[in-house]
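Enquirer: need a 3D model of the following:
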Amino acid sequence: MQITLSHSVPSAVEPTPHVLEVATMFGLGVDQERTIQLIPKTTFNLAPGRLIFVTGASGSGKSTVLRLIHQQLEADPDTHVLGFDSLPKLQDRPLVDVFPNRPLSQTLKLLSIAGLNDAFVMLRKPSQLSDGQRYRLRLAQAMTMVQADVMPSKLKVVLADEFCSTLDRVTAKVLARNIRKWVSRSGVCFVAATTHDDLLEPLAPNTLIEKHLGETLDLVEKHTP
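Expert: Predicted coordinates:
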């Protein structure tokens, strides 16, 4: 599936006395109104087994990229898209019971992929987890939901904003490698966004999108499965 992104916003600075004073200090002009091309026209492919990595500085527009992708996919009846921010709330039960319609063996496997394979952690409830552990639980939940989709013709896409941002870097890299393997085996398309470019090697993305501050964006196609 081909995705084309483009997003512009109007921008205007109200010429208040303080604005004019600062602009004069730095020799800047004050635009009454102009258009900022926050996301320049960008085209890439989503397909089973592909991993797209969106990175860049905080505030550069990574979340906007994910939002635009989500909007396009939601309008496509042949796509099952899941964003971390839209996952339903889980019951406050021990993690081994949090996915009641799955066999225990499958639950343990998904928790392990998500880095929640410690026996003491698996017996805790979501309310007893740290922020980093809750993030990993949402990852396991997303994996469960896309695997539960019985429509084989649908493209299954998971969107993970702030991917591993709350984890220590060693744990983040281990989880990134687990996700890369899971994506390749399951045929899910995974889109991860984070400021941490140290995950580039373990994620081994098919498509790298680097969003810079301002109006520029770089896209690199690494390889096609």
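
Enquirer: check residue 166 and give its pLDDT.
Expert: If you check residue 166, the pLDDT there is 86.

Enquirer: can you verify my assumption that it contacts residue 132?
Expert: Yes: taking contacts as Cβ atoms under 8 Å, residue 166 lies within contact range of residue 132: 4.5 Å. In short, each C-beta sits where N, CA and C put it, glycine included.

Enquirer: which parts of the longest strand anywhere in the chain are buried?
Expert: Longest strand in the chain, counting residues (DSSP state E): strand 34-45. By neighbour count on 16 or more other Cβ atoms under 10 Å, the buried set for strand 34-45 is 38-39, 42, 44.

Enquirer: what is the subsequent helix or strand relative to that strand?
Expert: Sequence order places strand 51-56 as the next helix or strand after strand 34-45, per DSSP states H and E.

Enquirer: helices or strands next to that following strand in the packing?
Expert: Counting contacts by 3 or more Cβ pairs under 8 Å, 6 or more residues apart in numbering; DSSP states H and E, strand 51-56 is packed against helix 62-74, helix 169-186, strand 189-194, helix 200-203, strand 207-211.

Enquirer: before we move on, back to that, closest to residue 213 among the buried residues of strand 34-45?
Expert: Set against residue 213, the nearest of the buried residues of strand 34-45 by Cβ to Cβ is residue 38 (10.5 Å).

Enquirer: in this structure, where is pLDDT below threshold?
Expert: Scanning the chain for pLDDT under 70 picks out 11, 31-34, 149-151, 223-225.

Enquirer: in contact with the residue nearest the centre of the chain, which residues?
Expert: Per Cα atoms, centre = their mean, the C-alpha nearest to the average position across the chain is that of residue 160, at 2.5 Å. Neighbour list for residue 160: 84, 139, 142, 190-193 [criterion: Cβ atoms under 8 Å, 6 or more residues apart in numbering].
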